[in-house]
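Asker: Provided below are the primary sequence and the corresponding predicted coordinates.
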Amino acid sequence: MSSVSEGRFPSSSVPSITPATRRTTLLTGDGVRIEAVYTPCTAGSGVAGGGASGGPAVVLAHGFTGAADRPALLRAAEVFAQRAAVITFSFRGHGRSGGRSTVGDREVLDLAAAVAWARSLGHRRIVTVGFSMGGSVVLRHAALYTAPEAGEFIDEESGTAGAERVGRRTGADKAHEGHRGRARAHEGAHTDAVVSVSAPARWYYRGTAPMRRLHWVVTRPTGRLVGRYGFRTRIHREDWNPVPLSPVEAVPLITVPLLIVHGDRDPYFPVDHPRMLAGAAGDGAELWMEHGMGHAENAADEGLLGRIADWTDSA
């Protein structure tokens with residue numbers, strides 16, 4: 001699976017916010033069409049605190065084989081909409097979105113398009129919340145896309161930052177001259193806080209039976225057929241080349257508030273993953289280890305989602 005540079009975000013076809021849920025199609029920096037759904041804040045009039053006047057918005061990033069219309073993500077959106085406007089979307093290869101899933105690599109472009117759409121609708125404060133694969137994507141996105149006042153860019157290839165850099169480059173830039181991989185701050189694709197739920201810390205983990213099955217689905221032709229027809233997920237055939245910045249490498253580069261949430265009964269990623277992420281962040285992250293919780297959005301009950309939503313308000 002090859003990494004591509006973070007490109008410009010074309011404007012949405014939805015010109016303004018209304019109290020009703022709205023759907024649109026976003027175009028990512030590499031030209032993939034992504035389905036997205038806007039849900040206004042349901043507190044008060046349905047616009048207060050979440051409208052185009054500058055209220056906050058939460059962008060939810062689902063896990064692998066999820067989609068904008070899956071019940072678990074709809075439940076999460078309903079909880080977060082009690083406090084802020086919510087944008088959900090389907091990653092490439094999922095739901096009604098185009099393209100093929102790269103299982104966490106190019107998906108950062110999908111998230112960037114959703115965040116930029118939220119800002120184009122007038123929301124001044126954006127929080128990204130990701131689950132499992134989406135949890136790894138929100139970490140990479142927060143490391144790669146910086147706010148205008150930060151005045152610096154991250155070099156994904158070297159993992160360094162500095163105001164003297166004119167843009168950030170990924171390894172894919174060597175194969176794509178003319179597209180420098182700059183995540184330009186003025187595009188509004190940066191986040192103001194990050195929540196990563198049930199995310200892996202490192203790539204290629206096969207230490208649990210569910211992850212060994214997932215690798216079979218992703219890497220084998222028969223597995224990809226199962227993914228397409230059994231899980232309604234279209235998966236890219238190519239291996240990553242180059243390998244993208246890993247979550248644990250991304251975390252030290254994040255300069256906004258960060259919350260890491262993980263269940264102690266997660267069947268995919270044991271507790272060394274969140275501890276590794278929190279350790280890499282140092283004092284820059286808060287870690288919640290949830291007793292009895294399983295994996296990702298399917299295991300996040302309304303109580304936990306409410307506490308996360310409260311954290312996004314106060315972060």
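Answerer: Arrived safely, thanks for sending.

Asker: just the helices in the stretch 1-150 of the chain please.
Answerer: 71-80, 107-120, 133-144 (DSSP state H, counting those that start in this stretch).

Asker: quick one: contacts for Gly63?
Answerer: By CB atoms under 8 Å, 6 or more residues apart in numbering, the contact set of Gly63 is 131-135, 198, 295-297. Glycine gets a C-beta too; all of them are placed from N, C-alpha and C.

Asker: can we see that at 10 Å?
Answerer: By CB atoms under 10 Å, 6 or more residues apart in numbering, the contact set of Gly63 is 70, 72-73, 91, 94, 130-137, 197-199, 268, 295-298.

Asker: Give me the buried subset of those.
Answerer: 70, 72-73, 91, 94, 130-137, 197-199, 268, 295-298 (16 or more other CB atoms under 10 Å).

Asker: any idea which of the helices of the stretch 1-150 of the chain is most buried?
Answerer: Ranked by mean neighbour count, these are led by helix 133-144 with a mean of 29 (mean count of other CB atoms under 10 Å).

Asker: relative to helix 71-80, how tilted is that one?
Answerer: Angle, helix 133-144 to helix 71-80, by axes from the mean of the first three to the mean of the last three CA atoms, to 10 degrees: 50 degrees.

Asker: burial measure for Ala20, as a count.
Answerer: Neighbourhood size, Ala20 [other CB atoms under 10 Å]: 9.

Asker: cool, and Thr88?
Answerer: Quick note: Thr88 (other CB under 10 Å) scores 27 neighbours.

Asker: Who does it form a beta bridge with?
Answerer: Val37, Leu60 (DSSP bridges).

Asker: Just the pLDDT at it, thanks.
Answerer: Thr88 is assigned 98 on the pLDDT scale.

Asker: for it, what are its contacts?
Answerer: 21, 35-39, 58-62, 66-70, 73-74, 76-77, 80, 95, 114.

Asker: Next one: it relative to Tyr38, how far apart?
Answerer: Using CB to CB, to the nearest Å, one gets 9 Å for the distance from Thr88 to Tyr38.

Asker: All good on my end, thank you.
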